[in-house]
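Student: Here is my input, please return the structure:
(2 chains)
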Amino acid sequence: MIRKIIAFLVVFYFGYILYSFIAVNFPFGERPLKGVAAHYVDKGIEEEGATNIVTSIVTLYRGFDTLGEVTVLFLAATGLGLLLAGMKEEEKEKPEPTLIMETTTRYLFPLVLLFGTYIFIHGHLTPGGGFPAGVVIATGYFMMFIAQKQFKPSEYLLSATESFAGTLYVIMGLLGLALAFSFLANVMPLGVPNTVFSAGIIPVIYIIIGFKVGSEMTGILAHLKEA
Amino acid sequence: MVSPILVIALSLFFAFVIPLLGMVSKKLPRLVPPLAMLVNLWILITNIKFVSRGAMLVTTAGLKPPIAINLAIDRFSLLFVILIQLIGLLLSVYYLSQDNRDQRFYMLFLLNILGASGIVMTGDIFNSFVFLEILEISSFGLVASKKDRKALEGGFKYMVIGAIGSSLYLLGIIVLYLTTGSLNMAEIAKLMPHIPESIKLFAALLLLAGIGVEVELFPLNAWAPDAYHGAKDEISTQLSSIISKAGIYLAARIFFTIFNGFYALKIIFYLGVITFVIAELAALMQKNVKRMLAYSSIGQMGLLMLILSLVAKRGDVFVITTVILLALNHAFGKGLLFLSLGALSGGNGEYEIENLGGNGRANPLAGFLFTVGALSIVGMPFFFGFWSKISALISLMKTNVIYLIALVLVISLVEIYYYGNVIVNLFRGEGKKYGISIVPAAVMILFALFVIVFGIWPHPVFQIAQSAAVSLIERTTYISSIIGGM
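Tutor: Next comes the predicted model:
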C-alpha cells in the first residue's frame, strides 16, 4: 500500500513537471506555423497535387516514415502470430450469437467493406486514408468474427495479401528511385487537384496501405480469436 | 553508384516477400536473411569510396532536406552499419543450420537488423524514432520467441520499459520540433545556439530516456538481465552485438552532433559510472553464467557511455576512437561468449556454474572459444580487448581523473576473477559432451578470429576507427554537407 502511494506520488510529481514545463514554454495554439510546416501548408498542393495536405505529408514528404510505420504494424502482427502459434487454450463454452445479429451482419458486412474502400480511394481528397480505411475493413471482419460462428477467412489469403501489398509498396518506392533518383518520389502525373485521378502516386500508395492494414488487422483479430 | 537507401528498401522487400516464399517451399525463408545481408554489405562496400569528408546526402520523395526525410551517411555511420550488417550476416548463417523455425522468426530477425541499420543511416530525428520502434518491437518478439516462462517474462519487461523509453524519446523530438520547426538532424544542430538552455536540457533528458533503454543505462536497464537470460543464446548475441551498438551510435549522434557535446553528457557520465560499478559487482554475485554475461554486458555498456561522455570535456578524436574500439570488442567478444555458452550448455538452458563443470574439457572447441571471448573482454594482451582497454585508460588519463583510472583497474580485476572462475570450472572434472555442427562452429570461429587477428595486428582497425571518429568530430562539415552553409 505505502509502495503504491509513493509510486503514485513520484509519477504525479514527474507528470506535473512535464505538464508545467510544456504549458509554460509551448502554449497551445498560439504560435504561427514555422519551418517545414509552413512550407507544407503553402506549397503542398502546388508540389504534390493533393487537396488533403495531411495526405501529402504522410505519403510523400514523410513517406519514408510511413513505410516504417507500416512495417511496425507488420511486425506487431508477425510477432503476435509467432507467439500465439501453437498456444491453444482449452475449449470454452461460447455464447451463441442471436438470430438478429447473424442476419444483420450478413447484410452489413459488404457495406462496411465498401465504405472502407471509399475511404482509401478518396484519401487524397477528404480526411481519411489508408490507415483508417484498413481499420474500418478490419472492423467489418471483427463484426463477422463475433456474429458468425462458422466464419473463418483464409489465413493463406490474408497472409498473401499482406505480403503482396508490402512488396508493392517497396516497389513503388523503388520506381521513384529508378525514375527520379529518389526513393518514393512522386513520379506519376499530378493531374487536376480535387479529382479522383490526381496527386500522382498518393492514391496508389493509399490503396496499397488500405489493403495492407486491412489484412494485417484482420490477421491480428483472427489470431486472437484462435488463442 | 548504388544508392545506400537500397539497404533499407531491399531488406523491407525481402522481409515482406518471406511469407510468399514460404508458400512455395518451407526451406526458402531460411535462405532469405543471409542473401539480404550479403546484398546489403555489397551495396555498403561499393559506397565506401563515395563517403569522404562530411556526410553523403540521400534524399527521399525527390525533395531536399529539411522538407523531406533524408539519409545522412558519414564514415561514423558507415562503420556502424557495416558492423551491424556483418554480425547480422554471421548470425543468419548460424541460423541456416537450424531447420525447425517458424518463417515469422526470419521476418523478425531481418526487420531487427533493418531497424538497427536505419537508426544508423538516417539523418532525420523522427525517422530515427520510427526505426527505434522497428528495432524494439522486433526484439520483444525475438526475446519471447523461445516461448517458455523466462523468455516471456524477459520479453514483457523489455516491452514495458522499451515502450516508456520510446514514448519519452518521442516527446523529446516533439519539443525540438516545436522549438526549431524542423526534424532534420543537421538543421536542428544548426539552430542549436538559438535554443534556450532550459529547453535544451529538457529535450536532452527526454531523448536520453529513450536511448538509455537501448544502451542499458542505469536506471533503465532492469529489463536486460531477464531478457538476456530468457532469450535463446543467438538472440542474446543479437541484443549485445547489434541492438546496443545502434543505441551507442544514436547517443553519439544526438548528444554530439545535435547538442554539440552539451552538458547532458555530464549526466551520462554519472549514470555511466553507476551502471559500470553496480553491474560488474552484480556479475560477480551470479551463480548463473548467462546472467553473469548479461550483467557484464551492462557493465561494458556503462564503461562505453562513461568514455563517450568524456568527449564533452575534451572534444578529442582519441576518445571517440576509444568508444568505437570498445564497441567493436564488445560486439565480437560478448557475441562469441553468448554463442559458445550455448554450445557448452547443449542448448538446454542449464547455465548454472556447477552444471557446466567440466563441459569445457568435454567440448574442447566450445571451451576454447569461450575462453578466447572471456580473455578479450577482460582485456588480456594479444586479444583485441587489450587495445580497447588500454585506449580507455589513456582517455581517462587525459581527463586527469585519477580515481576513475583506479576504479576501472579495480573493476578489471573483478572481471578477471569472475571470468577466471567460470573458465577454471569449465575445465575441471568430468562434463557432458554435446555435439556441435559445422556451421555454428564456423561462425563462432569467425567471431574468435576477429578478436585474435586484430589483437595481434590492431593497426587497420585503429585507422578505420580513427577516420570514423574524425568524421563525428567534424560537426560543422556534417551540417554543411546536409543543409548547406554554416
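Student: Where does pLDDT dip in chain B?
Tutor: Along chain B, the parts satisfying pLDDT under 70 run over B:99-100, B:262-264, B:312-315, B:347, B:400, B:485-486.
Student: my bad, chain A
Tutor: For chain A, counting by pLDDT under 70, the residues that fall below are A:87-94, A:227.
Student: Could you pull out the helices in it for me?
Tutor: Per DSSP state H, chain A carries helices over the ranges A:2-25, A:36-48, A:53-56, A:63-84, A:99-121, A:130-147, A:155-180, A:202-226.
Student: okay if I get those as TSV plus mean neighbour count and distance to chain B?
Tutor: Every C-beta, even on glycine, is put in place using the N, C-alpha and C of the backbone. Listed next are the helices of chain A as TSV, based on neighbours: other Cβ atoms under 10 Å in any protein chain shown; distance: least, Cβ to the nearest Cβ, whole Å:
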stretch	mean neighbour count	distance to chain B
helix A:2-25	10	6
helix A:36-48	17	6
helix A:53-56	21	9
helix A:63-84	22	3
helix A:99-121	15	19
helix A:130-147	21	14
helix A:155-180	19	3
helix A:202-226	22	9
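Student: For B:Leu446, find the nearest of the ones you listed.
Tutor: Comparison of the helices of chain A against B:Leu446 by Cβ to Cβ identifies helix A:63-84 as nearest, at 28.1 Å.
Student: thinking again about what came up before, and of the helices of chain A, who's closest to B:Tyr417?
Tutor: Counting by Cβ to Cβ, and looking across all of those, nearest comes helix A:2-25 at 35.7 Å.
Student: For whichever residue of chain A sits closest to chain B, the count of nearby residues, please.
Tutor: Per Cβ to the nearest Cβ, the residue of chain A with the smallest distance to chain B is A:Gly35, at 2.1 Å. Number of residues near A:Gly35 (other Cβ atoms under 10 Å in any protein chain shown) recorded here: 19.
Student: And for the residue nearest in space to the middle of chain A, nearest residue in space, chain neighbours not counted?
Tutor: Central residue of chain A (Cα atoms, centre = their mean): A:Phe131, 2.4 Å from the mean position. For A:Phe131, ignoring the flanking residues on the chain, the nearest one in space by Cβ to Cβ, 6 or more residues apart in numbering or on different chains is A:Val213 at 5.6 Å.
Student: before we move on, back to that, OK, contacts around the residue of chain A closest to chain B?
Tutor: Contact analysis of A:Gly35 by Cβ atoms under 8 Å, 6 or more residues apart in numbering or on different chains lists B:Pro66, B:Thr180, B:Gly181, B:Ser182.
Student: Contacts only, for the closest residue to the first one other than its chain neighbours.
Tutor: So the one you mean is B:Pro66. Residue nearest to B:Pro66 in three dimensions, not counting chain neighbours: B:Asn184, with 3.7 Å by Cβ to Cβ, 6+ apart. Contact analysis of B:Asn184 by Cβ under 8 Å, 6+ apart lists B:Pro65, B:Pro66, B:Asn70, B:Gly123, B:Asp124, B:Ile125, B:Ile482, B:Ile483.
Student: run the last query once more with 7 Å
Tutor: The neighbourhood of B:Asn184, defined by Cβ atoms under 7 Å, 6 or more residues apart in numbering or on different chains, consists of B:Pro65, B:Pro66, B:Gly123, B:Asp124, B:Ile483.
Student: Which members of those define the maximum pairwise distance?
Tutor: B:Asp124 and B:Ile483 (11.8 Å).
Student: More neighbours: which of these two?
Tutor: B:Asp124 (28 against 24).
Student: what's the distance between the more buried one and B:Leu217?
Tutor: 24 Å (Cβ to Cβ, to the nearest Å).
Student: Over to A:Ala147?
Tutor: Counting by Cβ to Cβ, the gap from A:Ala147 to B:Leu217 is 50 Å.
Student: Run a quick neighbour tally on residue 182.
Tutor: Went with chain A since none was named. A:Ser182, neighbours per other Cβ under 10 Å, totals 22.
Student: meant chain B actually
Tutor: 23.
Student: List the contacts of it.
Tutor: Contacts of B:Ser182 (Cβ under 7 Å, 6+ apart): A:Gly35, A:Val36, B:Pro66, B:Ile188.
Student: From those residues, pick the one nearest B:Ser198.
Tutor: B:Ile188 (16.7 Å).
Student: Excluding residues flanking it in the chain, which one is nearest that closest one?
Tutor: In space, B:Ile188 is closest to B:Thr180, 5.1 Å off (Cβ to Cβ, 6+ apart).
Student: Now that neighbour, what are its backbone angles?
Tutor: phi -100, psi -20 (degrees, to the nearest 10).
Student: is it true that it touches B:Leu191?
Tutor: Yes. At 4.6 Å, B:Thr180 and B:Leu191 qualify as touching, with contact defined as Cβ atoms under 7 Å.
Student: Between these two, point out the one with more neighbours.
Tutor: A direct count of neighbours by other Cβ under 10 Å for B:Thr180 and B:Leu191 places B:Thr180 higher, at 23 against 18.
Student: re the thing from before, using JSON lines, lay out the contacts of A:Gly35 together with distance to B:Gly302.
Tutor: JSON lines is the format used below for these (distance: Cβ to Cβ, whole Å):
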{"residue": "B:Pro66", "distance to B:Gly302": "35"}
{"residue": "B:Thr180", "distance to B:Gly302": "32"}
{"residue": "B:Gly181", "distance to B:Gly302": "36"}
{"residue": "B:Ser182", "distance to B:Gly302": "33"}
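Student: who's in contact with residue 199?
Tutor: This is for chain A. With contacts defined as Cβ under 7 Å, 6+ apart, A:Ala199 is in contact with A:Glu48, A:Gly49, A:Ala50, A:His124, A:Leu190, A:Gly191.
Student: think we crossed wires, I meant chain B
Tutor: Per Cβ under 7 Å, 6+ apart, neighbours of B:Ile199: A:Asn25, B:Val175, B:Thr179.
Student: and the closest residue to the first one other than its chain neighbours, what element?
Tutor: Counting by Cβ to Cβ, 6+ apart, the nearest residue to A:Asn25 once its immediate chain neighbours are dropped is B:Ile199, at 6.1 Å. In this assignment (DSSP states H and E), B:Ile199 forms part of helix B:197-214.
Student: Report the angle between the following helix or strand past that helix and helix B:197-214.
Tutor: The C-terminal neighbour of helix B:197-214 among helices and strands, as given by DSSP H and E, is helix B:223-230. Calculated by axes from the mean of the first three to the mean of the last three Cα atoms, to 10 degrees, helix B:223-230 forms an angle of 20 degrees with helix B:197-214.
Student: now what about helix B:223-230, what contacts it?
Tutor: Under Cβ under 7 Å, 6+ apart, the answer for helix B:223-230 is B:143, B:146, B:150-151, B:153-155, B:157-158, B:161, B:216, B:236, B:239, B:290-291, B:294-295, B:297-298.
Student: what packs against the very next helix or strand once past that helix?
Tutor: Counting by DSSP H and E, the element after helix B:223-230 in chain order, helix or strand, is helix B:233-238. Counting contacts by 3 or more Cβ pairs under 7 Å, 6 or more residues apart in numbering or on different chains; DSSP states H and E, helix B:233-238 is packed against helix B:75-95, helix B:125-144, helix B:335-344.
Student: Can you check which of the ones you listed gets nearest to chain A?
Tutor: Of all these, helix B:125-144 sits nearest to chain A, with 3.2 Å by Cβ to the nearest Cβ.
Student: burial count for the residue lying closest to B:Gly123 once chain neighbours are set aside?
Tutor: Distances taken as Cβ to Cβ, 6+ apart put B:Ala72 closest to B:Gly123, at 2.9 Å, once the chain neighbours are dropped. Neighbours of B:Ala72 under the rule other Cβ under 10 Å: 25.
Student: B:Ala72 belongs to a helix?
Tutor: No. Read with DSSP: H, G, I helix; E, B strand; the rest coil, B:Ala72 is strand and lies in no helix.
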